[in-house]
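Q: this one's sequence-less:
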């Protein structure tokens, strides 16, 4: 079999219907062979192309399917109950605390083989217990550490007391005789678990226990010095039975549970609740039972809040969220999922995707018209249609942009951002002379005589500068200086995300972009050849606007689909064909809030695609000042089809 491979360069377009192959193009490529042979070969080649495109479609689908598997992360726990202290008051309930918690954790599918009673010394913990437990931990595991016994705070750190700890120790010996919660955290974090959850049922002070300074005085270190700690990046939650400096109530009667552990046993197995909500119930019970003398606290250095006992709806919601962000191919959104749900059934698939897509320099998708302009093209009540200008440069925009990060976008007028009357010709667009302000402020006087407007270069330069980042839709060579003779330092392939730092037009009329690429230390210069003024993108009529609120009784990353589903069904019944969709969210004050809204946008995109809307016709803008609340605003553009 002979395989003939033709390199075909397809014109980039926002219109999927124009991305096709012309049969006459193939015929022109052949000599004038006898008609029969030409027909046979032509049909064979067309068949080959059909098979190739079908194979590519399957590969694209397979690329997503490769990351849709589910795997329950391993759950492992270590449980310690210290009841019989040599020099401190005994805690008869500690043994029963440990046994009851171990039983509860096993019921939640944790491996609790390591249940230790009366750990004698720090050395026993470090050299016998810790290595054995550490060997079980692998990347992505859900790790729980429970302790019932005496504990104390010293400086900014918390310590757990082995049963043979002296009644009085010198300050320099604290880390040699007591178990440091922070040191244990660092050790476990080195194994890269998905989450470390500490459940510490211990006092934060010990009556009669003394930490002596060098002068022999009992001290409470205000700035107690331990080796510098660095954030491991591993999700960590520490649930303390009481505040620093306060005691935790145990029970003097064997067989009974301490107050804190009794509340834990009652609540941590609640179905369908995240741990944070369970802990709120624990804290409320403890305060009531102790008349507010004991107040548990949760210290959260994580982005996640795990389900210890997820229900069917929880699992379904997480699967939907993962599918939504996976389909975007957006590295940042997928990275956020990895932090938010680090011990979910999707966590292993997320890690695989991140390992397979280490480069953040490639844009997952792009458009030749600004998403900002598309959102502004909305005309309430079906007003006059508008077109959107496209760039005359081999550059494009991300389909999802953040207006809040680009002040210049908000200051741009509709004309500057690219809005023009529907049906406008190339000649009329060139006559607009859009971009004059940018040219006047940024180009040297001797270069302003260049014909910047007939090819829309002035508009394109002003627009890409306001957006701050663009996508290369051609292959470029990045050089050390804006000179053709300068050294090539980077090959910039099609689809590369570029962060703009400036524009230069040299005396020979050569246009250069000064740009940087994520994870690349040095900027580079890229030569750009302008093209002719393109025709505007025609969006159609402004058909319907709906707002999708966050989904009730679900994870915060999903929207309520009902308003959108109802709108799409009504429009279809009325004969409307959706030609474009613009999604928008309100400005966010905090990063967590911004991440949640970005996730809801991804979920809205997935709902739209499920209704047959082409993903290439969906754009989004974050941080729009005309949007309020946590929902996603959906603007549907369309045209009427023949009934």
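A: Sure thing, it's come through. The model shown is predicted, which means the values in this text are computed figures rather than measured ones. Numbering: from 1, shown residues only.

Q: quick one, what contacts the closest residue to residue 426 other than its chain neighbours?
A: Once flanking residues are discounted, residue 426 sits nearest to residue 533: 4.5 Å by CB to CB, 6 or more residues apart in numbering. For every residue, glycine as well, the C-beta is placed using N, CA and C. Residue 533 makes contact with 392, 426, 429, 430, 454, 455, 456 under the criterion CB atoms under 8 Å, 6 or more residues apart in numbering.

Q: sec struct for residue 533, please.
A: coil (DSSP: H, G, I helix; E, B strand; the rest coil).

Q: check residue 542 too.
A: strand.

Q: rewinding a little: from residue 389, how far out is the residue nearest to residue 426?
A: For residue 533, the distance to residue 389 equals 8 Å [CB to CB, to the nearest Å].

Q: what's the overlap in contacts for the two?
A: With CB under 8 Å, 6+ apart as the test, residue 533 and residue 389 both reach 429, 456.

Q: tell me which of the contacts of residue 533 has the lowest pLDDT.
A: Of all the contacts of residue 533, residue 454 has the smallest pLDDT value, namely 72.

Q: make a markdown table from the contacts of residue 533 and add neighbour count and secondary structure to it.
A: Below are the contacts of residue 533 laid out as a markdown table (neighbours: other CB atoms under 10 Å; DSSP: H, G, I helix; E, B strand; the rest coil):
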| residue | neighbour count | secondary structure |
| --- | --- | --- |
| 392 | 22 | coil |
| 426 | 16 | helix |
| 429 | 23 | helix |
| 430 | 20 | helix |
| 454 | 16 | coil |
| 455 | 19 | coil |
| 456 | 27 | coil |
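
Q: and the strands in the stretch 151-300 of the chain?
A: 151-154, 157-160, 168-170, 179-180, 195-202, 210-212, 236-240, 297-301 (DSSP state E, counting those that start in this stretch).

Q: highest average neighbour count across the ones you listed?
A: Highest mean neighbour count among the strands of the stretch 151-300 of the chain (mean count of other CB atoms under 10 Å): strand 195-202, with a mean of 25.

Q: and that one, what does it pack against?
A: strand 142-149, strand 157-160, helix 181-189, strand 236-240, helix 259-267 (3 or more CB pairs under 8 Å, 6 or more residues apart in numbering; DSSP states H and E).

Q: out of those, which is the most enclosed?
A: Of these, strand 142-149 is the most buried (mean count of other CB under 10 Å), at a mean of 26.

Q: next, the angle helix 259-267 makes with it.
A: Interaxial angle of strand 142-149 relative to helix 259-267 (axes from the mean of the first three to the mean of the last three CA atoms, to 10 degrees): 140 degrees.

Q: strand partners of strand 142-149, parallel vs antiparallel please.
A: strand 75-81 (parallel), strand 195-202 (parallel) (DSSP bridges).

Q: redo these as a markdown table? Include distance to residue 347.
A: Putting the strands paired with strand 142-149 into a markdown table (distance: least, CB to CB, whole Å) gives the following:
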| stretch | distance to residue 347 |
| --- | --- |
| strand 75-81 | 12 |
| strand 195-202 | 10 |
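
Q: in a markdown table: these, plus mean pLDDT.
A: Shown next, in a markdown table, are the strands paired with strand 142-149 (pLDDT from 0 to 100):
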| stretch | mean pLDDT |
| --- | --- |
| strand 75-81 | 95 |
| strand 195-202 | 93 |
